[in-house]
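Enquirer: missing the sequence, but the structure's below:
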Ligand code: NAD
């Protein structure tokens, strides 16, 4: 397998070279993966011009033709599943099995929106005037700009670009600086699928601020979709006000997992491990705090610790690896800081609790954790699970909701009434009941409170790229 990639150009209406490049290093080996084009304000301005021109023609393309192009794109992504999985393993350290699964997940959005393109229905509705006929039609909102994170470099691009393209909106994507190559590869496959030049542009940059500023201040960009931290999301929310852009924000979380006394122990352990440790704990829906009811606490901690000790830490390119490295120094530093602070305030290590060289951190279980510790409020984004004891259902719900975030929450129980009661009481955008990995291309994904606005996925996701126009027709 080759381990270097070079896309020193970026993809607009064609390949362009900005003449500036930045290095992308492997988090696993800290060696150079490749050089990416470093786009700035001039490239951003050119991209908006291109998107604006592309909008005129792409919106006029018959929905069935747009659908067919998306279908071909889906086929090509699946045909390149292995290559995409490998790219993610190289540029951000995702274990290759997870990378392959992500490529299929990304393709799932493309397939779903290939079908949705044909279902953008309007409405003919009654009027109290005898001589009027009333219509509500849906039209593409216009050129869209997306900022994607490094932790799901393929899926987040597809979750935004597929509904935009299906609706008739050209999309400009600014990928995270850690993961430009997966994004470029997807855009290259879009062209190969027959996607018209300029409808999907990818502009990598090492300096997101100036490039983004151009997009946010240009009135021709009608829609912005962002996945990333709450801090940057708030900045974009404010910037969008100037030109009153439509906005979707998928931001940070602090997901609780409530395990009740009546849970099936093996099932609960398996789901919490899957939820917490995929992508080395670097997903916005990974649980950040596990609350276990009194009666099950000791056996849960014992079995959970054994399961975590069984996770294989290693080379992301190795099929046997469950846990790869953290994405970068800052990511590792935050994990170290959270665990060290918790230990200094009295937490105990059931397993792990230390960095193991390079950007690796041992999968960790902490007990004796209290609300005074940062790990209970701030997203760790690493392979660390604090486990806390609770007694009553109401107490667990109160603790679960005691956060400004509201993205994902989970519970494990065999009691149907409790499952429904607790799901309804949790102030979150998505709830997994006995299911630690609920996201799917056809389901609504998004948060409440400071975890964001808008929903991606399923029939909800395409509405974010559609405007409703009311047409009143006097028939005389
Ligand atoms: P981040 O906000 O720093 O980066 C995300 C993206 O924003 C990157 O493309 C980055 O280059 C860009 N960016 C950073 N500063 C910017 C600026 N000033 N202007 C414009 N763009 C800017 O987040 P991160 O630390 O890289 O990613 C992890 C975060 O993303 C976590 O908080 C996680 O919870 C969140 N996340 C949320 C979801 C979701 O769907 N809700 C999914 C994945 C990750």
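Expert: Here it is on my side, so go on. Please read all numbers here as calculations on a predicted model, not as lab measurements.
Enquirer: Enumerate the residues of the stretch 301-450 of the chain near the ligand.
Expert: For the stretch 301-450 of the chain, the contact set with the ligand under CB under 6 Å from any ligand atom comprises 379, 407, 447. Where you see a C-beta, it was placed from the backbone N, CA and C, and this is true even at glycine.
Enquirer: Name the residue of the stretch 201-350 of the chain with the shortest distance to the ligand.
Expert: Proximity to the ligand, evaluated over the stretch 201-350 of the chain using CB to the nearest ligand atom, is greatest for residue 228 at 2.6 Å.
Enquirer: wait, doesn't that residue sit right on residue 150?
Expert: No. In this structure residue 228 lies outside contact range of residue 150 using CB atoms under 8 Å: 9.1 Å.
Enquirer: who's more crowded, the two?
Expert: residue 150 (24 against 21; other CB atoms under 10 Å).
Enquirer: in what helix or strand does that one lie?
Expert: Following DSSP states H and E, there is no helix or strand that holds residue 150.
Enquirer: For it, give its distance to the ligand.
Expert: Using CB to the nearest ligand atom, to the nearest Å, we find residue 150 at a distance of 5 Å from the ligand.
Enquirer: who are the neighbours in contact with that residue?
Expert: For residue 150, the contact set (CB atoms under 8 Å, 6 or more residues apart in numbering) comprises 92, 175, 176, 177, 178, 179, 327.
Enquirer: Okay, domains of the chain per the record?
Expert: Using automatic domain parsing, the domain parsing of the chain gives 10-251+450-474, 255-440.
Enquirer: Serialize those domains to JSON lines and add fields for mean pLDDT.
Expert: Putting those into JSON lines (pLDDT from 0 to 100) gives the following:
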{"stretch": "domain 10-251+450-474", "mean pLDDT": "98"}
{"stretch": "domain 255-440", "mean pLDDT": "98"}
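Enquirer: Find the nearest non-adjacent residue to the residue of the stretch 201-350 of the chain closest to the ligand, please.
Expert: In this structure, residue 228 finds its nearest non-sequential neighbour in residue 149, 4.7 Å apart by CB to CB, 6 or more residues apart in numbering.
Enquirer: Now for residue 435, how many residues are close by?
Expert: Neighbours around residue 435, by other CB under 10 Å: 13.
Enquirer: Hmm, residue 410 and it touching each other?
Expert: Yes. Contact criterion CB under 8 Å: residue 435 and residue 410 qualify, at 7.5 Å.
Enquirer: shared neighbours, the two?
Expert: With CB under 8 Å, 6+ apart, residue 435 and residue 410 have common neighbours residue 271.
Enquirer: Okay, helices next: where are they in the stretch 251-400 of the chain?
Expert: Along the stretch 251-400 of the chain, counting by DSSP state H, counting those that start in this stretch, helices occupy 265-277, 297-309, 329-344, 393-401.
Enquirer: Just say which of those helices is most tucked in.
Expert: helix 265-277 (a mean of 20; mean count of other CB atoms under 10 Å).
Enquirer: got the contact list for that helix?
Expert: Contacts of helix 265-277 (CB under 8 Å, 6+ apart): 255, 257, 259, 285-287, 290, 296, 299-300, 303-304, 307-308, 311, 322-323, 363, 383, 385, 410, 412, 432, 434-437.
Enquirer: For the ligand, what's its nearest residue on the stretch 51-200 of the chain.
Expert: Closest point on the stretch 51-200 of the chain to the ligand, by CB to the nearest ligand atom, is residue 176, at 3.7 Å.
Enquirer: Test my guess that that residue contacts residue 149.
Expert: Yes. Counting by CB under 8 Å, residue 176 does reach residue 149; the two are 5.3 Å apart.
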